[in-house]
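**Q** take a look and give me a structure for this.
(2 chains)
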Amino acid sequence: MSRSILRTIAVPLVAVVLGLLIGAVLILSQNASPSTAYTALVVGGLGDADAVLRTLQKATPLIFGGLAVAFAFKAGMFNIGGQGQLLIGAVFAAGVGFGIDGLPMVVHLPLALLAGAIAGAIWGGLAGTLKATTGAHEVIVTIMLNFVAGNLTDWLSANPWKDNSGNNIVARTPLVEDSATIPTLGAVPVGFLLAVAAAATCWMVLERTTYGFEVRSVGHNRNAAQYSGIKVGWIMSSTMAVAGMLAALGGAVESLGVDGRFEAGVNVGLGFEGITIALLARANPLGVIPAALLVGLMEAGASRMQFKAGVAPELIDVIQALILFFVAAPIIIKWLLRMRHDTSEQLQLGAGWGKS
Amino acid sequence: MGEVMKPQQRQLLYAGLAVMLVLIWIFYSANGPQTTAVLAGTVRAATLLALGAMCGMIGERSGVVNIGIEGQFLLSAFAAFTIASMTGSLFMGTIAGIGMGLMMGWLLAAMAVGLKVDQIIAGTVLNIAALGLTSFFYDRSRSLGMGKYTNIDLGPLADIPLVGTVFFSRPPLTYLTMALLVVVHIALFRSVWGMRTRAIGEHPGAADTVGIDVLKLRYLNVTLAGGLAGLGGSYLALEAVGTFSRAMSGGRGFLALAVMIFGRRTPFGAYAAALFFGFTTALQNQFQLNNTFDIPPQFVGMLPFVVTIVVVALSGLVGSMRDPAALGQNYEKG
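**A** Residues are numbered from 1 along each chain as shown, chains lettered A, B, ... in the order given. Sure, this is the predicted structure:
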């Protein structure tokens, strides 16, 4: 048992080490010291209560984003639309957060989260439903929906929901009411606890329910699932809706717990990081948590690394890409570790753009 | 086959073209300068999309999905800009951009064909790596001292009203792209290479049986196709914009994929689709410039993406557009 766990985490672990090693070479190429840089990175992400809070805050949307990719993955679909789903969730949660006042927190906060979640479920479900009914490939549709969401949220925050206080010219909504703001417990933001709960729920649903079994069957072999009486179309629509809801919750937590409002352009790119997280976790919902914590730690410490060692914070992106490369091509690591008789499968999405 | 059109579709195409020409003529007589500006903007925006679509098309015709075009554009634009600024030569920059594109194509091939990584994940790796690398090495102080590529008038052709300005008074890489459309068309549909390429995309097993080295040809094609995306990156940095900025490809690598599907994986079809997408971009810019209409620019900006979704959904329903049969499947010699 412990041996098989070791096998599962060996590849991601070695991938992280290799990523950091090559990162060290890049740091050297900038005439900086890798040890100073990496020390600053860790201190910046774990050094004190503030640093831990930052790490957990950074990890929260990554967990949601990672789950959004991992959940769809289980049904054999690639959700590359996390960015758009996150934006939609962020703007609608903020809309309810600032638009309604006079509600107690126990009603207002869940309502704002729910608004974001439902909007995201519709956004993601659209891609799944189109795939189920017309065969339109979810990769193309979700990429296009990212652009549509970018424009739509831009327009919402620049026109009907614009913050007109003072002489603000930025495309952003007003601050959300206190009753819709997600609180922090010491160094632990409540949003992070929500994300962990979401990961546990995803695992439960996928591994311990009939619905989860059907999702995994569709992911394994769509034709066999169809033949055994599973409603494949429904599974595809609903898993994409769940995926959209998860990514949107990440955006909602950003609006209600971190930024205090929606501002166009602030969350750009955040939705794509879920892909790295999900692949690092090998699409395991529980694995998403440590993967997101690792990346969150690096992101939280990046500015201290720049300050102390003079290394551009974008190094983090390069390291992420390297880690992703080594996880995606495990053959390199297996060769390094001499893991010849490994039977674990490589991640596969397969298929082209059209019907399948 | 994807490239054969039914007679009804052909009639529809001609009818559409005729309507478009009449509309352009009406707009041109109503407001000459603005119509010219929009159409010139259309061709400008279409060039990058056409190059990306050709890159994607060669990969997909051979059975390899490339969603890393966005990253190929970005890193090539970075290489082109950096080398051009260091050497002071736009030509050297262009070569560097193409070289970087070839390298990234090779990397994609190494992952997707060599290491048999899932093709979509391999493309994603390219995208994330390109964004990270270019941001990390980005040097704000660099600039193009000599400016970007300038328009070259093609003799008397450039003096034709409207058409001359739109097509025959363009910078060099735009002409090169138009020439490449013809070259790639002939290569794909009239050469032995093209026939073999299409064979390994449709039925790699059969191609293998008749002696085509499937993996080698896929390796070669994906690498060469990267050069086209590399030219796209050079175009972006040295001809369209004249500088480099973070994430400057702005999703156009993904849009190129839609253009490719829209254009039925043929160069001319892709160029027509690219012109359409370019037109919506140019229209959006024009709207923002002079506020003639009361449509928010964001809604005009959404148009190409909404249209893509509708087209992809409809093409699935109608079933008229078919993928190469072995698309996305890594080939294992039996």
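**Q** and residue 173, what does it touch?
**A** Here I'm looking at chain A. A:Val91, A:Ala94, A:Gly95, A:Phe98, A:Leu156, A:Ser157, A:Trp161, A:Lys162, A:Asp163, A:Arg261, A:Phe262, A:Glu263 (Cβ atoms under 8 Å, 6 or more residues apart in numbering or on different chains). For glycine as for every other residue, the C-beta is placed from the backbone atoms N, C-alpha and C.
**Q** that answer is for a different chain, and I need it for chain B
**A** Contacts of B:Leu173 by Cβ under 8 Å, 6+ apart are B:Thr47, B:Thr94, B:Tyr149, B:Leu231, B:Ser234, B:Tyr235, B:Leu238, B:Glu239.
**Q** among the residues you listed, who's most crowded?
**A** With neighbours taken as other Cβ atoms under 10 Å in any protein chain shown, the top of the contacts of B:Leu173 is B:Ser234, carrying 34 neighbours.
**Q** from the contacts of A:Thr173, list just the buried residues.
**A** Burial by neighbour count, 16 or more other Cβ atoms under 10 Å in any protein chain shown: within the contacts of A:Thr173 this picks out A:Val91, A:Ala94, A:Gly95, A:Phe98, A:Leu156, A:Ser157, A:Trp161, A:Lys162, A:Asp163, A:Arg261, A:Phe262, A:Glu263.
**Q** run a quick neighbour tally on the closest residue to B:Tyr331 other than its chain neighbours.
**A** In space, and not counting its chain neighbours, B:Tyr331 is closest to B:Pro204: 4.5 Å by Cβ to Cβ, 6 or more residues apart in numbering or on different chains. When neighbours are defined as other Cβ under 10 Å, B:Pro204 has 26 of them.
**Q** model confidence score at B:Pro204, please.
**A** Per-residue confidence (pLDDT) for B:Pro204: 90.
**Q** and for B:Phe27?
**A** Taking B:Phe27 on its own, its pLDDT is 80.
**Q** against B:Thr35, how distant is it?
**A** Computed as Cβ to Cβ, to the nearest Å, the B:Phe27 to B:Thr35 distance reads 5 Å.
**Q** ok, A:Ala200 - contacts?
**A** For A:Ala200, the contacting residues are A:Pro285, A:Leu286, by Cβ under 8 Å, 6+ apart.
**Q** where's the residue most central in space within chain A, which helix or strand?
**A** Using Cα atoms, centre = their mean, the residue of chain A that lies closest to the mean C-alpha position is A:Gly65, 1.5 Å off. Using DSSP states H and E, A:Gly65 sits in helix A:49-74.
**Q** got the buried residues for that helix?
**A** Judged by neighbour count using 16+ other Cβ under 10 Å, the buried positions of helix A:49-74 are A:51-74.
**Q** how many neighbours does A:Leu111 have?
**A** Other residues within reach of A:Leu111, judged by other Cβ under 10 Å, total 16.
**Q** the stretch 51-200 of chain A: strands as residue ranges?
**A** Counting by DSSP state E, counting those that start in this stretch, one finds strands in the stretch 51-200 of chain A at the ranges A:184-185, A:188-189.
**Q** deepest of those, which one?
**A** Per-stretch averages of neighbours, counted by mean count of other Cβ atoms under 10 Å in any protein chain shown, single out strand A:188-189 among these, with a mean of 18.
**Q** can you list the strands that that strand pairs with?
**A** strand A:184-185 (antiparallel) (DSSP bridges).
**Q** hmm, who's touching the strand it pairs with?
**A** A:Leu53, A:Val190, A:Leu193, A:Gly257.
**Q** what average pLDDT does it get?
**A** Here the mean pLDDT over strand A:184-185 is 89, rounded to a whole number.
**Q** B:Ile67: what's it in contact with?
**A** By Cβ under 8 Å, 6+ apart, B:Ile67 lies in contact with A:Val139, B:Gln119, B:Ile120, B:Gly123, B:Thr124, B:Asn127, B:Phe254, B:Leu257.
**Q** can you redo these as a markdown table with neighbour count and secondary structure?
**A** Shown next, in a markdown table, are these (neighbours: other Cβ atoms under 10 Å in any protein chain shown; DSSP: H, G, I helix; E, B strand; the rest coil):
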| residue | neighbour count | secondary structure |
| --- | --- | --- |
| A:Val139 | 25 | helix |
| B:Gln119 | 30 | helix |
| B:Ile120 | 24 | helix |
| B:Gly123 | 28 | helix |
| B:Thr124 | 25 | helix |
| B:Asn127 | 25 | helix |
| B:Phe254 | 24 | helix |
| B:Leu257 | 29 | helix |
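**Q** need the contact list for the closest residue to A:Ala292 other than its chain neighbours.
**A** Counting by Cβ to Cβ, 6+ apart, A:Ala292 lies nearest to A:Leu62, which is 3.8 Å off, once chain neighbours are set aside. Counting by Cβ under 8 Å, 6+ apart, A:Leu62 makes contact with A:Gly250, A:Glu273, A:Gly274, A:Ile277, A:Ala291, A:Ala292, A:Val295, A:Gly296.
**Q** let me know how buried A:Ile289 is, in neighbour terms.
**A** A:Ile289: 22 neighbours (other Cβ under 10 Å).
**Q** that one against A:Ala199, yeah?
**A** Yes - between A:Ile289 and A:Ala199 a contact is recorded at 5.4 Å, counting by Cβ atoms under 8 Å.
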